[in-house]
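Chemist: Let me see the structure of the following:
(2 chains)
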Amino acid sequence: MAKQLAFYFDSGSCTGCKACQVACKDKQDHGVGILWRRVYEITGGSWERKNDIWESGVFAYNLSVACNHCQKAPCLAACPTGAIIKGPHGIVEIREDLCMGCRYCEWACPYGAPQYDYNSGKMTKCDFCRDYIEEGRNPACVAACPMRALDFGELEDLKGKYGDSEQIFPLPSEEMARPALIITPHRDSLKAKKTKARIANREEVKHVE
Amino acid sequence: MWNEWPLVLFTLAIQAGAGLLLTGEIVDVFFSRRFGFPIFHHFRRRIRATVCSLTLSGLLLSFFHLGSPWAAVHSLGNLRTSWLSREILTALIFTAFVLFIFLFVLVSGAYRRIQRLAALAGAISGLVLIASMSNIYMLPAVPIWDHFSTIVSFFSASLLSGILITSVLLMFGSRSLEDITSEPKGPAEWIKKAVGSLAGGALFLLLLETGLTWLFVLRAESAPGWSLIWPGPAIGGILLPLRCLTALGGILLLSALIFKLRRRDSVGSVSPWLLTAAALIILLSEIFARFYFYALGTAGGM
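Modeler: All right, here's what the predicted structure looks like:
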C-alpha cells in the first residue's frame, strides 16, 4: 500500500493559542488572507432550566485544520488543468506552472484548504512542509504546538497510536473526501452535534470577499 | 463577492447565447416553413449576430475570472473528472458551431440544409454546454448548490434570455415586414402571435426562477454551516430584495405586453420599447440573482 502522510489533532488539548497557524504563516511567509492552517473556534449551547435549577449548556472548543491530503481529494478531481496532484507520501500538491487561478478547487474542497494568492494569481495550499520532512524535521505547525495537540505520521501508524478518527463539527462527512486526518474529539463536541453550534471566528478563518 | 462579476457576466452571456440560438432557430423553422426561407433572412441575421456577440463576449469575460489566464491553455487537461474542464470543451465546440452558423449570414439563403443542420447541432451543443456549466456547481462541499434546482435554474435562465432577446428582435423587425405585406394572415400577424406566446413563456420561466431563488434561500437556511450566516450584510443582504423587486417589475411589464398584444390588431401598433424595458429589468434581476447565488455559496462551509 502506498504511503499516506496524515495529521493528528487532539481537540481536547488545544487551547486555541494559534501558534500552529502563526508558525505556518511564518514558515511560508504568507501575507494577510492566506491561512494554510486555521484554528476554528466553535461555540454553542445556552443555559437550560431543569425543574428549578439553571444548568449551563454553554460550550466551546477549538479545531485546528490544514489540508488533510485526502485519499479521495475533491480538489484534485475538480481541477481542470490537472495542476493538483498526489505527490510522494500522499501529499496533495499544486503544480504552479499549470494552475490558471480559476479557484474551482477552493469551492470543491470541503475543508477550505486551497487558498488563492492575489499576488501570483495562483492557488496555494499546505504542502505538509515537505522540505522539512525530507530533512527529517517536523512540519512547522506540529513543531510549534505547545500542547502537543498536533502530530503527524503515516496514516496507519497514527490510527494504531490514536485510534480511528471521529467526526466533529464543523467537519463534513469523511465519505466526501476520505481525509488523512485523525482527531481526538473534545468532550463537548458531542453537544455540537445535538445543538446549533457555530464557528465563532468565521471572519478570521474564512476570507469572504 | 463583487469581484465575481466576470463569472456572473460570463455565465449569463453564454447562457443567453445558447438560449437564443435554440429559441431563435425554433422560431426561424416555424416562420420559414410558413412564409419561405428568404423572408426571415433579416431576423436570422440579427439573431445569429447576437448569438455570436454574446458567445464571444462571454468567452472573453471568462478570462477576467482567471488569476493566470495564460495557463488556460492547459484547461482541457482533466476531462476525465473535472466538470470545469468539460465545460470549457463544450464551450469551445459551441463557439465553433456559432461561428460556422454566423458565416451563413454572408451567403443569405444558400445552403439551407447545411444551415439547418449546423444550427440544430449548435443548439444541441448549447444545451450540453448549459448541462456542463450547471454540473460544475454539483459540489458536495457546497450543499446549497448541490441540488437539482441549480440545474433547472441554469436551463431556465438560458431559455428565458433566449426567449426575451428573440422577442425583442422580432418586435423591432416586425415593422419592416408590415411594409412588405399587409395581408391579414401575413408574417406581421404571425409575429404578433409568436411574440405573445414567447412573452407568456418568459413570464412562466421568470415565475419559476423567482420561486427557485426562494428555494435556494430556504435550503441555505437549513444547511449546516450556512444557516447562521444568512442574510448577513457582508454577503449582500440587499441582493435578495433587489432580485425580487426587479423580477416583480419584469412580471408586471410582461403581463402588460401580453394584455396589449391581445387587444391590438397588429404587433406594429404595440411599442417594442415595452418589451425592451421588460427584457432589461429581467436581465438586471438575473444579474442580482447570480451574484446572490455566488455570494451565498462561497460564504458558508469551512
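Chemist: And the residue of chain A positioned farthest from its centre, how close does it get to chain B?
Modeler: When each C-alpha in chain A is compared with the mean C-alpha position (Cα atoms, centre = their mean), residue A:52 comes out farthest, at 42.0 Å. Noted for residue A:52: a distance of 31 Å to chain B, by Cβ to the nearest Cβ, to the nearest Å. In short, each C-beta sits where N, CA and C put it, glycine included.
Chemist: Show me the strands in the chain, by range?
Modeler: All of this is about chain A. A:5-10, A:38-44, A:47-50, A:53-56, A:59-65, A:84-86, A:92-94, A:115-117, A:122-124, A:150-154, A:181-184, A:198-199 (DSSP state E).
Chemist: for the residue of chain B found nearest chain A, helix, strand, or coil?
Modeler: In chain B, the residue that lies nearest chain A is residue B:67 (2.2 Å; Cβ to the nearest Cβ). Put simply, residue B:67 is coil when judged by DSSP: H, G, I helix; E, B strand; the rest coil.
Chemist: And for it, the neighbour number?
Modeler: 18 (other Cβ atoms under 10 Å in any protein chain shown).
Chemist: Provide a list of residues in contact with it.
Modeler: Applying Cβ atoms under 8 Å, 6 or more residues apart in numbering or on different chains, one finds that residue B:67 lies in contact with A:99-103, A:116-118, A:120-123.
Chemist: same deal with residue A:85?
Modeler: By Cβ under 8 Å, 6+ apart, residue A:85 lies in contact with A:76, A:92-93, A:95.
Chemist: restrict the residues you listed to those near chain B?
Modeler: Filtering the contacts of residue A:85 for proximity to chain B by Cβ under 8 Å from any Cβ of the partner chain leaves residue A:76.
Chemist: Now list the buried members of the contacts of residue A:85.
Modeler: Among the contacts of residue A:85, those scoring as buried are A:76, A:92-93 (criterion: 16 or more other Cβ atoms under 10 Å in any protein chain shown).
Chemist: gap between residue B:24 and residue B:107?
Modeler: Using Cβ to Cβ, to the nearest Å, we find residue B:24 at a distance of 18 Å from residue B:107.
Chemist: So which of those two has more stuff around it?
Modeler: The residue with more neighbours, out of residue B:24 and residue B:107, is residue B:24; 25 against 9, by other Cβ under 10 Å.
Chemist: Correct me if wrong: that one contacts residue B:49.
Modeler: No: judged on Cβ atoms under 8 Å, residue B:24 makes no contact with residue B:49 at a distance of 10.7 Å.
Chemist: Looking at the contacts of residue B:67, spot the one nearest residue B:9.
Modeler: Checking those against residue B:9 by Cβ to Cβ gives residue A:102 as the nearest, at 15.6 Å.
Chemist: Quick check on the closest one: phi, psi?
Modeler: Note on residue A:102: backbone dihedrals following degrees, to the nearest 10 are phi -80, psi -20.
Chemist: can you give me phi and psi for the spatially closest residue to it that is not a sequence neighbour?
Modeler: Among residues not flanking residue A:102 along the chain, residue B:66 sits closest, at 5.7 Å (Cβ to Cβ, 6 or more residues apart in numbering or on different chains). As for residue B:66, its main-chain torsions (degrees, to the nearest 10) stand at phi -90, psi 140.
Chemist: residues near residue B:66, how many?
Modeler: 18.
Chemist: so it makes contact with residue B:75?
Modeler: No: the criterion here is Cβ under 8 Å, and residue B:66 misses it with residue B:75 at 9.0 Å.
Chemist: Overlap in contacts, the two.
Modeler: Common contact partners of residue B:66 and residue B:75 (Cβ under 8 Å, 6+ apart): A:100, A:102.
Chemist: can you list the residues that contact stretch B:19-32?
Modeler: With Cβ under 8 Å, 6+ apart, stretch B:19-32 has contacts from B:39-40, B:43-44, B:47-48, B:50-51, B:54, B:98, B:101, B:116, B:119-120, B:122-123, B:126-127, B:157-163, B:165-166, B:169-170, B:187, B:190, B:194, B:198.
Chemist: Pull out the buried positions in it.
Modeler: Buried residues in stretch B:19-32, counting neighbours by 16+ other Cβ under 10 Å, are found at B:19-25, B:27-28, B:31-32.
Chemist: Can you show me the helices along chain A?
Modeler: Applying DSSP state H to chain A gives helices spanning A:19-28, A:74-78, A:104-108, A:130-134, A:140-144, A:155-162, A:189-194, A:202-205.
Chemist: Minimum distance to residue A:12: which of those has it?
Modeler: Nearest to residue A:12, of the helices of chain A and by Cβ to Cβ, is helix A:189-194 at 8.9 Å.
Chemist: What average pLDDT does the closest one get?
Modeler: Average pLDDT, helix A:189-194: 80.
Chemist: Low-confidence regions, chain A specifically.
Modeler: Across chain A, residues meeting the criterion (pLDDT under 70) sit at A:1-2, A:207-209.
Chemist: In the stretch 1-150 of chain B, what residue spans correspond to helices?
Modeler: Secondary structure of the stretch 1-150 of chain B by DSSP state H, counting those that start in this stretch: the helices cover B:5-35, B:41-64, B:83-103, B:112-135, B:148-180.
Chemist: can I get the ones you listed in CSV with mean pLDDT?
Modeler: Shown next, in CSV, are the helices of the stretch 1-150 of chain B (pLDDT from 0 to 100):
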stretch, mean pLDDT
helix B:5-35, 93
helix B:41-64, 93
helix B:83-103, 96
helix B:112-135, 94
helix B:148-180, 87
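Chemist: Turn the ones you listed into TSV, including distance to residue B:248.
Modeler: Converted to TSV, the helices of the stretch 1-150 of chain B look like this (distance: least, Cβ to Cβ, whole Å):
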stretch	distance to residue B:248
helix B:5-35	20
helix B:41-64	26
helix B:83-103	32
helix B:112-135	25
helix B:148-180	15
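Chemist: Give me the contact list for stretch A:15-33.
Modeler: Residues contacting stretch A:15-33 (Cβ under 8 Å, 6+ apart): A:34-39, A:41, A:62, A:64, A:66, A:115, A:118-119, A:124, A:126, A:129, A:140-147, A:150, A:207.
Chemist: from these, which are also near chain B?
Modeler: Checking the contacts of stretch A:15-33 against chain B by Cβ under 8 Å from any Cβ, the ones in range are residue A:118.
Chemist: Show the contacting residues for the closest residue to residue B:212 other than its chain neighbours.
Modeler: Excluding its sequence neighbours, the residue lying closest to residue B:212 (Cβ to Cβ, 6+ apart) is residue B:153, at 4.5 Å. Residues near residue B:153 by Cβ under 8 Å, 6+ apart: B:209, B:212-213, B:216.
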